[in-house]
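In: have a look; sequence and predicted model below, questions after that.
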Amino acid sequence: MHRLIHQANPLRPALLLLTVALLGLAGCRSGATGLPYTETFDDAGDWSSGEDAYSIGQVVDGVYDFQIIENDVSRWASAGQNFGDGIFEVEATAVAGPLDNGFGLLFRANPETGDFYLFKISADGYVWIGRYAEGAEDTTIVGEHWFESPAVQQGLNATNRLTVRAEAGNMIFSVNNQEVGRVTDNTFASGDVGLLVQTLGGAGVRVQFDNLSVRPLD
């Protein structure tokens, strides 16, 4: 298990320090995986999972169920795949805990180094799009830190669909089919796909993910 530190985001004062960890490192890292890739979480497959004092992540009842037990903690789990260009998509539903949270999709990830792009939202209507390097927040690549968006369906039990269209360094980000940002960034060319949940305003955040896919570009 990799344990990494993420410093505070000044525009989200509830966030102090985040411990970012990969749950049960798994999967291949050589070569690109064929598309399309779909995951309905009907079985565990190659998804990393595990439990520690801070979190529980597991495939159960047709979803990836991710719980963060402590405050100011972040965890991510990966599929053990390798993708470059494509349309990345997942459905995410916060089902418990405070609305001041963070959850979403990471892609072009290297679990060994902690490098990845991250597209996440909060249940109180915010979006964050950025880049991590060596497990620590490197920079936001769209907007300035968290920004509010009407595209996000707020509240518990509200399902949001996160979509990224990535073609080389050109990336377009959408929530519920509404574009929330686009950028050109060539830092990471390929890597794993994964899911992330973090606590910002209190412990007990639980998010369920379903219908993850990576499709070829149209």
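Out: Yep, it's here.
In: for the residue nearest the centre of the chain, give its distance to N71.
Out: Centroid-nearest residue in the chain: L105, 2.8 Å away (criterion: CA atoms, centre = their mean). Taking CB to CB, to the nearest Å as the measure, L105 falls 23 Å from N71. Every C-beta, even on glycine, is put in place using the N, C-alpha and C of the backbone.
In: next one: Y54
Out: 10 Å.
In: how about D115?
Out: Look at D115 and N71: by CB to CB, they are 26 Å apart.
In: for G114, same thing?
Out: G114 is 22 Å from N71, by CB to CB.
In: and if you look at V90?
Out: On the measure of CB to CB, V90 and N71 end up 24 Å apart.
In: neighbour count winner among the two?
Out: Using other CB atoms under 10 Å, the more surrounded residue of V90 and N71 is V90, with 25 against 19.
In: now name the helix or strand holding the more buried one.
Out: strand 86-96 (DSSP states H and E).
In: buried set for that strand?
Out: Neighbour counts using 16 or more other CB atoms under 10 Å place G86, I87, F88, E89, V90, E91, A92, T93, A94 of strand 86-96 among the buried residues.
In: what helices or strands is the next helix or strand after it leaning on?
Out: Next helix or strand after strand 86-96 toward the C-terminus (DSSP H and E): strand 101-110. When contacts are defined as 3 or more CB pairs under 8 Å, 6 or more residues apart in numbering; DSSP states H and E, strand 101-110 packs onto strand 74-78, strand 86-96, strand 115-121, strand 126-133, strand 159-167, strand 192-199, strand 205-215.
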